[in-house]
Every structure is written in structure tokens, then in C-alpha cells.
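**Q** Have a look at this fold, sequence not included:
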Ligand code: SF4
Ligand code: SF4
């Protein structure tokens, strides 16, 4: 790829992100002003994650990485060298309502998709090299990585402690941060017309014993910090629909819609990925990770779940 290709891709990605932020910023502001998401006030049940890891197993759901998550990652790119990996290893996904977005892949999905892409890119050794570098780096940082596993690529059964089993705990997407508090059993929408739909499907899949003091359907106590994550997560979710509509009409989008954003990100970050894949350790600075863990000390839950998926 020459310099002009690179700057063109950079422009496309930036234009996509700018447009997303424009839509997202307005929605989030509106949601906060109107307190659109509220916890159930009669909550009587505490929740405590028991680290079972089910929410990181993608056999029946995606973990979405919303535009806002991507923007947050990009904002930290100077301080965290793994951000190019987070962005390059995203997958295009779609929910049952036809809303398109990007998600984290399972170990099986990334292995199958990349094997296929490596075959298709016989004439493009750079793409092949980048894809192989991602796979080999994932295997290096996660010795339990298994091309048949349905677990998230960042799930490592060998980890323990506050980070659970998540290799990217300080950078995990908002959906992972807000689960299971993003469910209607715990919080509710107060936007007319949305509440009914949100309450009709899905239920938390955490084991019953994690809801201390009663059944999960009564709701749980929720801290301000958790509520903030829930608001962002739900706004993220709804923003995807708005962006989907916008993307059908936008002229800018027409220019880039033929190209998958995942492919663009992969091409754009290939140099960083190749450098990163030579690293031996996942976290370069343990003290940084510990500080982040302290900040996250009040967040006991690990990951999230969305309605049953379909691939596009
Ligand atoms: S918590 Fe970590 S391992 Fe689990 S789904 Fe989220 S990013 Fe993946
Ligand atoms: S959040 Fe729930 S499903 Fe996920 S690890 Fe904890 S208890 Fe298990």
C-alpha cells in the first residue's frame, strides 16, 4: 500500500467515525438529559459475578463493539499499543432486526474467517502476513487459544483475579462493562415505544446463584457507575440503528460502503500489527494494568449478551 492509499483509508475511517460521533453525541446528550434509562427502584437483589465465563462464550450471542467503543479505543491509541489489534480483529455482524455493526469474534470465527481470507488473498502477501500476524499474536498471548472454541478471542481460562478471564479487561467494550445490568430486569427504558420491545426478549444468563437474595426477575441494586455504563451501552445500541439509517442515505457512506470497515481497519493498521506481533507479552507494563484494575474495582461483572445473532 502506498502513501496515497493510506491517507485515503485514513480519511474514510475518520469520516466514518466523525459521522458516528455526531449521531452518537447528540443521542447520548438527549438520553442523559431525559434520564431515559432508569434502574428499577424496588430492586431487592444483589448480583455478584461468579466468573463462570458464559457471557464470553459466543455460541448464541455477539458482544458488540459500537462506534463509541471504537472512538474510545482510538482516543487511547497513543497510550496503548494493542489498540490496532482491537480494531483490526473486529467482525461485521448483524442482529435480527437487520442492524449492522461490528463485534468481537470467537476463536473459531476468527480462525475460520482468516483462513478463508488468507486463501482469497493469494496475490496480496501483505494482507496474508497481517492476518497471520494477528492469529499468531492471539495464540501467543492466549496459550489456550483453540480454533474450535466459541469463546471470545480475548478470553483466557488461565487468568484469574479482578480481571476475570479477560485479556483486555481495562479496554473491554461497554457491553462487557454493563452486563448484566443492561437487561430489562435491572433497568428500564422510559422512551415511549421502546420499553415494550426491550422487555419482550432476552433474559440474563448468569447462573441463578449469582443473584443473591432472590430471583433475577426482581432486578438488582445498581450503583451510579454501573448505571452510567448501562446508559452508554443502551444509547450505543440504539445509535447503531440511527447510524444504519444514516448510512443508507449519506453520500460519504456511498463512497465507502463497498468496502468493509473491518478490512479498512485491517489495512490501515497493518504496520502496527506487524510490530505488535513481535512482542512477547500482552501487557507491557503491569503497573498500568494494576492502576486500571483499581479504577475498575467496583465493576464486578464481565461481559454482555445481545439478542441471538445472524451473520451477514
Ligand atoms: S469480557 Fe473480555 S473476554 Fe469476555 S467477551 Fe468481553 S472482551 Fe471478550
Ligand atoms: S457476568 Fe454472569 S455469565 Fe458472565 S461470568 Fe459473571 S456470572 Fe458468568
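**A** Nice, thanks for sending it over. Keep in mind that this is a model prediction, so the values were computed, not measured. Numbers count the residues shown, from 1 in each chain. Ligands and ions are numbered 1, 2, ... in the order given.
**Q** how about the residues of the protein that lie near ligand 1?
**A** When proximity is defined as CB under 6 Å from any ligand atom, the chain approaches ligand 1 at 56, 63, 104, 152, 154-155, 166, 168, 172, 176, 302-303. For glycine as for every other residue, the C-beta is placed from the backbone atoms N, C-alpha and C.
**Q** What is the most widely separated pair among those?
**A** For the residues of the chain next to ligand 1, the farthest-apart pair by CB to CB is 104 and 302; their separation is 12.8 Å.
**Q** okay, these two: which has more neighbours?
**A** Neighbour totals were compared for residue 104 and residue 302, and residue 104 leads with 28 against 24 (other CB atoms under 10 Å).
**Q** How confident was the prediction at the closest residue to that one other than its chain neighbours?
**A** Leaving aside its chain neighbours, residue 104 sits nearest to residue 63 (4.7 Å; criterion: CB to CB, 6 or more residues apart in numbering). pLDDT for residue 63: 90.
**Q** repeat for the one 10 residues further on
**A** In the prediction, the pLDDT value recorded for residue 73 is 89.
**Q** tell me the helices in this structure, going along the chain?
**A** For the chain, helices defined by DSSP state H occupy the ranges 3-34, 67-75, 83-88, 107-120, 125-141, 174-178, 195-200, 224-249, 251-256, 261-268, 270-276, 286-295.
**Q** Most tightly packed of those helices?
**A** helix 174-178 (a mean of 26; mean count of other CB atoms under 10 Å).
**Q** and the residue of the stretch 151-300 of the chain nearest ligand 2?
**A** Going by CB to the nearest ligand atom, ligand 2 is nearest to residue 206 of the stretch 151-300 of the chain, at 3.1 Å.
**Q** For that residue, the count of nearby residues, please.
**A** Neighbours of residue 206 (other CB under 10 Å): 22.
**Q** The residue nearest to it when sequence neighbours are not counted: neighbour count?
**A** Setting aside the residues directly before and after it, residue 206 is nearest to residue 180 in space (CB to CB, 6+ apart), at 5.5 Å. Other residues lying near residue 180 total 23 when counted by other CB under 10 Å.
**Q** do the same with residue 122
**A** When neighbours are counted by other CB under 10 Å, residue 122 registers 9.
**Q** got a list of what it touches?
**A** Contact analysis of residue 122 by CB atoms under 8 Å, 6 or more residues apart in numbering lists residue 128.
**Q** mind checking pLDDT for it?
**A** Residue 122 is assigned a predicted lDDT (pLDDT) of 89.
**Q** swap in residue 255?
**A** According to the prediction, residue 255 has pLDDT 58.
**Q** Same question for residue 214.
**A** 53.
**Q** And for residue 239?
**A** Residue 239 carries a pLDDT value of 76.
**Q** Also residue 162?
**A** 63.
**Q** when you give positions from now on, start the count at 621
**A** Got it, the first residue is 621 from now on, which makes the last one we talked about residue 782.
**Q** List only those of the residues of the chain next to ligand 1 flagged as buried.
**A** 676, 683, 724, 772, 774-775, 786, 788, 792, 796, 922-923 (16 or more other CB atoms under 10 Å).
**Q** any chance of the helices of the chain in a markdown table, with distance to residue 672 too?
**A** Formatted as a markdown table, the helices of the chain follow (distance: least, CB to CB, whole Å):
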| stretch | distance to residue 672 |
| --- | --- |
| helix 623-654 | 31 |
| helix 687-695 | 24 |
| helix 703-708 | 24 |
| helix 727-740 | 18 |
| helix 745-761 | 22 |
| helix 794-798 | 15 |
| helix 815-820 | 25 |
| helix 844-869 | 19 |
| helix 871-876 | 40 |
| helix 881-888 | 30 |
| helix 890-896 | 31 |
| helix 906-915 | 20 |
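**Q** Any idea which of these gets closest to residue 719?
**A** Short answer: helix 844-869, nearest of these by CB to CB, at 5.1 Å.
**Q** Please look at residue 721 and residue 858 and confirm they touch.
**A** No. Between residue 721 and residue 858 there is no contact under CB atoms under 8 Å: 11.8 Å.
**Q** quick one on the thing from earlier: I'd like the buried ones among the residues of the chain next to ligand 1 as JSON lines, with distance to residue 626 appended.
**A** Below are those laid out as JSON lines (distance: CB to CB, whole Å):
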{"residue": "676", "distance to residue 626": "34"}
{"residue": "683", "distance to residue 626": "30"}
{"residue": "724", "distance to residue 626": "26"}
{"residue": "772", "distance to residue 626": "30"}
{"residue": "774", "distance to residue 626": "27"}
{"residue": "775", "distance to residue 626": "33"}
{"residue": "786", "distance to residue 626": "32"}
{"residue": "788", "distance to residue 626": "26"}
{"residue": "792", "distance to residue 626": "29"}
{"residue": "796", "distance to residue 626": "31"}
{"residue": "922", "distance to residue 626": "36"}
{"residue": "923", "distance to residue 626": "34"}
